[in-house]
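Engineer: Pasting the sequence and the predicted model now:
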Amino acid sequence: MSVCKTLRVEVLLLAALGSFVSGCKPVAAPPMPPLPVNTQVIEVRPFPQTVEVTAQVEGTREVEVRARVTGILLAQSYQEGAAVKAGDLLFKIDPAPYEVASSLAKAQLSQEQAKFEQFEAESVRQDKLLGQRATSPKEAADAKAVAMAARFARDVAAAKVRGAELDLSYCEVRAPIAGYTGRLARSEGSLVSPGADGLLTTVVQREQVWARCGVSEQDFARLFQGDAAQATRAKVEVLDTAGKPLPIAGKINFVSAQVEARLGTIQMRAEFPNAGNQLLPGQFVRLRLEGKPLEGAVTVPTSSLLQSAQGRFVYILGEGNVATMRPVQIEVIIGPLAVVSGGLKSGDRVILDNLVKIRPGALLAPRAPAAK
């Protein structure tokens, strides 16, 4: 092939390539579709204020059953953990020494009573003789003094009898209140005595229980405005392990007048009916206290809050379904909700999801609210 023919072929190829390139124009990218989002319409309404605290349950009456005399513990007459009535026999301490002491005291009383009757009769006789001038005033006075001393000796002997009988009665240890017994502290055959080693068991009432808790100074001021009288009117609930309230309603029956310096809390006590024994003394539970509601509060989910260098903000659905940043001021965050003190008004639509993908001015497609 000649050089001229080769050049003509190259020229034709280049012309064809140029026409192909000139026919390919850049295609514009399609616009991004609106981002679907869920929204919440802001409403101004009262907002209940609550706080959850840990509390320990205790019986309204927890009585220690103790030995009141020294002796050998002969018998245990109850089942540990069983319900007992007031006056039921729980233990028996060897009564033999106290029976002897009681018999001796009664014998001494009889002896002193006989002496008193003898000296009293002599005093009466001396008074008659004195009236007849058959005895001297001194003899009559002496007889009266001896009779009076005999009366006092008889009274002392009578008191000793009562003391001996009381000690004998303490040999039978009975339940001071109705309730549920605790574990056995001293076994049969042990030598027991009053004092530090005299604890035998405990009896606890569970039909009505208390729950003691502490509320921080900040929460106390927020819920009750620092007013103890208002705190006693608070609604109290016990929460189960899933955070659901149990079907028992309580009330506050004690609010401390001072702050616990070591913990920085105000100590409170709630009272609950416990007929079904759902709460056991010594158990730790979660309490929810509800204070005075905030009037005219604006709330948003905490998940809708975002942070920038200027502070916290939310995205709201603006005109034309466009995302708009709205700075907000937060008064308090309670669980999943934040109480907003400024930045939002009734009717604003706060965006709840797809917050990572949203940019100011982005076109949005609000979803219809779910049917209730």
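Structural biologist: Right, received. Where do you want to start?
Engineer: So what sits opposite residue 37 in the bridge?
Structural biologist: Judged by DSSP bridges, the bridge partners of residue 37 are residue 366.
Engineer: Distance check, it against residue 347.
Structural biologist: Noted for residue 37: a distance of 17 Å to residue 347, by C-beta to C-beta, to the nearest Å. Glycine gets a C-beta too; all of them are placed from N, C-alpha and C.
Engineer: try residue 131
Structural biologist: 112 Å.
Engineer: With residue 176 instead?
Structural biologist: 65 Å.
Engineer: Comparing these two, which residue is more hemmed in?
Structural biologist: residue 176 (15 against 9; other C-beta atoms under 10 Å).
Engineer: burial count for the spatially closest residue to that one that is not a sequence neighbour?
Structural biologist: In space, and not counting its chain neighbours, residue 176 is closest to residue 63: 5.2 Å by C-beta to C-beta, 6 or more residues apart in numbering. Number of residues near residue 63 (other C-beta under 10 Å) recorded here: 16.
Engineer: Name every strand pairing with the helix or strand harbouring residue 63 and say which way it goes.
Structural biologist: Per DSSP states H and E: residue 63 is located in strand 62-66. With DSSP bridges as the test, strand 62-66 is paired with strand 199-204 (antiparallel).
Engineer: and the angle for whichever helix or strand comes after the partner strand with strand 62-66?
Structural biologist: Sequence order places strand 208-216 as the next helix or strand after strand 199-204, per DSSP H and E. On the basis of axes from the mean of the first three to the mean of the last three C-alpha atoms, to 10 degrees, strand 208-216 is oriented at 120 degrees to strand 62-66.
Engineer: just checking, what packs against strand 208-216?
Structural biologist: Counting contacts by 3 or more C-beta pairs under 8 Å, 6 or more residues apart in numbering; DSSP states H and E, strand 208-216 packs against strand 50-59, strand 245-260, strand 265-273, strand 284-290.
Engineer: And the helices in the stretch 1-150 of the chain?
Structural biologist: With DSSP state H, counting those that start in this stretch, the ranges of helices along the stretch 1-150 of the chain come out as 3-23, 96-131, 137-169.
Engineer: Can you lay out the ones you listed as TSV showing distance to residue 230?
Structural biologist: Listed next are those as TSV, based on distance: least, C-beta to C-beta, whole Å:
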stretch	distance to residue 230
helix 3-23	83
helix 96-131	56
helix 137-169	49
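Engineer: Please name whichever of those helices is nearest to residue 294.
Structural biologist: Evaluated over those, closeness to residue 294 peaks at helix 137-169, with 61.4 Å, by C-beta to C-beta.
Engineer: Now do the buried residues in that closest one.
Structural biologist: Applying a neighbour-count criterion of 16 or more other C-beta atoms under 10 Å, one finds 140, 143-144, 146-147, 150-151, 153-154, 157-158, 160-161, 164, 167-168 buried in helix 137-169.
Engineer: Skip the chain neighbours and tell me the closest residue to residue 238.
Structural biologist: Residue 238 sits nearest to residue 246 (C-beta to C-beta, 6+ apart), 4.6 Å away.
Engineer: contacting residues around the one you found?
Structural biologist: Neighbour list for residue 246: 237-240, 278 [criterion: C-beta atoms under 8 Å, 6 or more residues apart in numbering].
Engineer: so how far is residue 237 from it?
Structural biologist: With distances taken as C-beta to C-beta, residue 246 is found 7 Å from residue 237.
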